[in-house]
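Peer 1: Below are the sequence and a predicted model; questions follow.
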Amino acid sequence: MLSDHARSAHIGLGFARLGLAWDDAVVVDGSVLDRAVNVCRAHPKVAVLPAPGVGPAELGAELVRGVASRTLVVFSALGDPFRERFERVEPAEAMCRGWEGVSLVLCLDESRPDGPAPAVTGPLTGPGRWALPDGEFEVPDAGEAPVLPYEARALVLARLGPRAGDLVWDIGTGCGAVAIECARLGAAAVAVERTAAGAARVWAHTVAHGVEVRTVHGETPTVLSHLADPDGVFIGGGSGGCPELESIVLTAARRARRAVVVTVPGRKLMSPVREALESCGFAAEGVQLRSERLDSSSPAPVCLVWGTR
């Protein structure tokens, strides 16, 4: 096993072979496949230290499922003057090949130009603030779900617990606030939105906040079948008012590994949502949040139901 110093030199050498800086890269231990894949989904420049069962083929097989603009650079015998070699491959190619002697895998979004970026090597830390003010997100069009108030968003994030190596779905995302908050906390995030205007709004917000969120445009629950299994799911107001709410909750709960949080349009629907979560093996709770802000912008009450494994 490489020491921390030797590992840093090893990774730095790999990036140097490509003429790339690595002070803005994320380094992930490949001992857990899901964690390594989700870090690759969430960040544009990742160094994966391979382990048994976690190499180019396994990474490619997972990344090919809907993540655009990723290239794997596979190094063999890195640092050996006689045997060292590397090659760029797309995930679809990597998954179909046998690999031997792999010493480092870089996962890159080569569509992004190199530029100044905060160093995120070493221990991954979260942002300086979260539950961002409502005003940082554009108000949706009439008839669409409003921005989830920051008081409610704080509780949603607390129950989802997004972290580096996690995958979170934000269903009925509206403006993308929850997905963006999860991405800022290090998780890979997928925002599911049924309207083209909403999908465009999410993209604009992700650019403004400097994070990467995959936006999926389509009807739920059908579109969910194409997504990788999540660690956490948030079902927002965009789905909360639709007649398919229970079906969406059941679909999400059957696939979520850790937590599901749902905004519910009124107290009468809290019990059916709770029962749906419990039928899938979750311990479910709920609350109606009312807040009185110091100014005159106090939001309407929000009903939340959540389940945890």
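Peer 2: On my side now, so go ahead. Predicted model only: the values in this text are computed from it and were never measured.

Peer 1: got the residue ranges for the helices in the stretch 101-250 of the chain?
Peer 2: In the stretch 101-250 of the chain, the helices defined using DSSP state H, counting those that start in this stretch lie at 150-160, 177-184, 196-209, 237-240, 245-255.

Peer 1: can you redo the ones you listed as TSV with mean pLDDT and mean neighbour count?
Peer 2: Just so you know, the C-beta spots here come from the backbone N, C-alpha and C atoms, and that holds for glycine as well. As requested, the helices of the stretch 101-250 of the chain are exported to TSV (pLDDT from 0 to 100; neighbours: other Cβ atoms under 10 Å):
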stretch	mean pLDDT	mean neighbour count
helix 150-160	95	20
helix 177-184	95	28
helix 196-209	90	17
helix 237-240	50	23
helix 245-255	94	20
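
Peer 1: of those, which approaches residue 34 most closely?
Peer 2: Nearest to residue 34 among these is helix 245-255 (13.0 Å), distances taken as Cβ to Cβ.

Peer 1: Just after that closest one, pick out the following helix or strand.
Peer 2: For helix 245-255, the succeeding helix or strand toward the C-terminus, using DSSP states H and E, is strand 259-264.

Peer 1: Now whatever helix or strand comes next after that next one: buried residues?
Peer 2: Later in the chain than strand 259-264, the nearest helix or strand by DSSP H and E is helix 270-279. For helix 270-279, a neighbour-count test (16 or more other Cβ atoms under 10 Å) marks 270, 273, 274, 276, 277 as buried.

Peer 1: Contacts only, for the residue nearest to the last one when sequence neighbours are not counted.
Peer 2: Spelled out, that is residue 277. In space, and not counting its chain neighbours, residue 277 is closest to residue 307: 3.5 Å by Cβ to Cβ, 6 or more residues apart in numbering. Shown in contact with residue 307 (Cβ atoms under 8 Å, 6 or more residues apart in numbering): 253, 259, 260, 274, 277, 278, 280, 282, 283, 284, 285.

Peer 1: per-residue pLDDT, residue 307?
Peer 2: Here, the pLDDT recorded for residue 307 equals 97.

Peer 1: What's the separation between residue 260 and residue 181?
Peer 2: Separation of residue 260 from residue 181 (Cβ to Cβ, to the nearest Å): 17 Å.

Peer 1: Check which helix or strand residue 36 maps to.
Peer 2: helix 33-42.

Peer 1: what's in contact with that helix?
Peer 2: 26, 28-30, 46, 48, 53-54, 58-59, 62-63, 67, 70, 107, 164-167, 183, 186-189, 212, 214, 228, 231.
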